[in-house]
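*Asks:* below are the sequence and a predicted model; questions follow.
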Amino acid sequence: MPTIENSPRTVTERELRHDLMLAAALLVGGIISAGLSTVAMMYGDQQAPLWSALLTALAVTAPLALRRRYPCTVAVFIALVFFVSVTYRVPETLVVNISMFIALYTVGAWVSDRRRAMIVRVGIIIGMFIWLVAEMYGATLREADVAGVAVGIFSPLIAVLMMQLLLNVLYFGGAYYFGERSWQAAQQNAALEQRTHELEHEREVTAAQAVALDRVRIARELHDVVAHHVSVMGVQAGAARLVIDQNPAQAKSMLAGVEDASRAAIQDFRQLLETLRTPGDGEGDEGASTLGLDDIESLVRSSQSAGLPTDYTVIGDPVPVSSTVGVNLFRIAQEALTNARRHAGSGASADVRVRYQPDAVELEVVNTGRTVGALRPGLGQLGMRERARAAGGDIELAPRTQGGFRVRVNVPLAQKEAVR
């Protein structure tokens with residue numbers, strides 16, 4: 001598989017049409033140049049006939065229509081035509097030189113095998129120079145003999161030869177240089193296109209991950225809200241049914257608790273919907289809830305009214321925490337008390353402690369009751385672990401040897417939070 005630095009350039013249909021139009025335009029120019037060169041007798045008595053110039057013009061322009069598909073073959077063929085035309089004094093040099101330049105440029109700009117591109121161009125250039133030096137020097141000596149001019153290092157004929165060599169150095173060097181520049185520019189564009197594609201793919205992946213995270217967060221919120229409030233309503237409604245005949249006043253109080261729990265559930269649902277409708281990232285949405293550490297006390301009262309004796313203790317001097325930490329610790333406490341009511345059994349009790357330490361805040365929810373054997377993974381435990389990670393802390397979920405369960409969360413506080 002080719003790398004970006006050596007990836008092949010793809011020839012488009014539009015570029016092929018452009019090559020065809022270029023070949024046609026140069027052929028017209030070659031016909032005109034051949035006619036004018038023949039009339040001007042540029043090679044004198046040694047000049048080849050007009051038909052050879054027309055044939056040469058066709059031979060060097062027609063292959064240019066395929067120059068991007070077969071650049072090396074086209075360049076070698078035009079170079080051979082160039083040799084033959086100059087050797088036999090064909091009266092057409094303008095279009096031949098232009099075609100040779102374009103062919104060399106195309107090899108440098110379009111051949112993906114850079115070693116092959118270099119060998120073809122260097123081979124043609126070296127062959128051209130050897131042949132041109134021999135041809136021009138021989139012609140110069142012949143002209144010098146005819147004119148009786150001495151050939152020396154400072155002679156006019158040698159000066160003309162050196163000027164022609166310099167011109168050819170610029171000619172071939174330009175074709176080589178501009179071909180290389182075109183190739184490098186194409187590779188840079190290809191790299192930019194690939195990077196753009198990768199960034200677009202990463203953006204799509206990020207968007208999909210954001211959607212997945214939102215779905216997980218929504219599922220976690222719904223689970224916490226529904227599990228807590230429905231559990232409270234279920235316990236209180238069941239207790240009211242049992243005592244409604246013997247103690248109507250107590251049953252009425254329990255049903256009032258069911259009513260309060262339902263209102264609290266509706267309020268939590270509204271807060272959740274408002275959070276979901278608020279634009280922003282996941283953390284900002286999580287923190288949009290008004291719930292926090294101070295609201296844990298209301299959880300304790302709700303748990304007590306639902307029939308689970310619960311103590312609440314705050315240890316240390318309270319410090320402000322971020323809304324994200326506050327809402328996640330609240331939800332963890334809510335889930336822990338909900339699980340205690342559901343699984344601890346009759347006669348169980350719970351103890352909720354919030355400890356403010358110099359560099360951390362710790363939440364601990366302990367309940368008595370049935371002995372728990374092996375932990376059974378569920379959505380509640382998964383949600384508590386996710387919330388602990390979201391708050392930047394660690395969580396411990398473990399059964400107690402004497403019965404019941406312990407949930408302990410420790411969240412390090414940022415320095416600015418700890419000293420405020």
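*Replies:* Here it is on my side, so go on.

*Asks:* domains of the chain?
*Replies:* 4-151, 205-419 (automatic domain parsing).

*Asks:* right, so of those, which gets closest to Phe178?
*Replies:* domain 4-151 (5.6 Å; CB to CB). C-beta here means a position set from N, CA and C on the backbone, and glycine is covered the same way.

*Asks:* beyond whichever strand or helix holds Ile395, next helix or strand please.
*Replies:* Assigned by DSSP states H and E, Ile395 belongs to strand 394-399. Going down the chain from strand 394-399, the next helix or strand is strand 405-412, by DSSP H and E.

*Asks:* count the residues that sit near Gln246.
*Replies:* The number of residues packed near Gln246 is 8, by other CB atoms under 10 Å.

*Asks:* hang on, it is in a helix, isn't it?
*Replies:* No: looking at Gln246 with DSSP: H, G, I helix; E, B strand; the rest coil, it is coil, so not inside a helix.

*Asks:* that one and Ala240, how far apart?
*Replies:* Per CB to CB, to the nearest Å, Gln246 is found 11 Å from Ala240.

*Asks:* what's the answer for Ile32, then?
*Replies:* Taken as CB to CB, the span from Ile32 to Ala240 is 109 Å.

*Asks:* kindly report the same for Leu382.
*Replies:* Distance from Leu382 to Ala240, by CB to CB: 33 Å.

*Asks:* give me the more crowded residue out of those two.
*Replies:* Per other CB under 10 Å, whichever of Leu382 and Ala240 has more neighbours is Ala240, with 20 against 14.

*Asks:* how far away is Gly238 from Val325?
*Replies:* Note on Gly238: its distance to Val325, by CB to CB, is 35 Å.

*Asks:* quick one on the thing from earlier: need the domains of the chain in a markdown table (columns: mean pLDDT and distance to Gln194).
*Replies:* Converted to a markdown table, these look like this (pLDDT from 0 to 100; distance: least, CB to CB, whole Å):
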| stretch | mean pLDDT | distance to Gln194 |
| --- | --- | --- |
| domain 4-151 | 84 | 6 |
| domain 205-419 | 78 | 16 |
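
*Asks:* want to throw the ones you listed into TSV with distance to Leu165?
*Replies:* Output for the domains of the chain, formatted as TSV (distance: least, CB to CB, whole Å):
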stretch	distance to Leu165
domain 4-151	7
domain 205-419	59
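
*Asks:* of all those domains, which lies closest to Glu193?
*Replies:* Ranking the domains of the chain by their distance to Glu193 (criterion: CB to CB) puts domain 4-151 first, at 9.5 Å.

*Asks:* just give me how far that closest one sits from the chain centre.
*Replies:* Its chain's C-alpha centre and that of domain 4-151 lie 46 Å apart, by CA atoms, centre = their mean, to the nearest Å.

*Asks:* where along the chain do the helices fall?
*Replies:* For the chain, helices defined by DSSP state H occupy the ranges 13-40, 50-61, 71-87, 94-110, 114-147, 156-243, 248-277, 282-287, 296-305, 323-343, 379-390, 415-419.

*Asks:* can you redo the ones you listed as a markdown table with distance to Asp351?
*Replies:* Formatted as a markdown table, the helices of the chain follow (distance: least, CB to CB, whole Å):
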| stretch | distance to Asp351 |
| --- | --- |
| helix 13-40 | 78 |
| helix 50-61 | 96 |
| helix 71-87 | 83 |
| helix 94-110 | 79 |
| helix 114-147 | 76 |
| helix 156-243 | 18 |
| helix 248-277 | 21 |
| helix 282-287 | 27 |
| helix 296-305 | 10 |
| helix 323-343 | 10 |
| helix 379-390 | 17 |
| helix 415-419 | 26 |
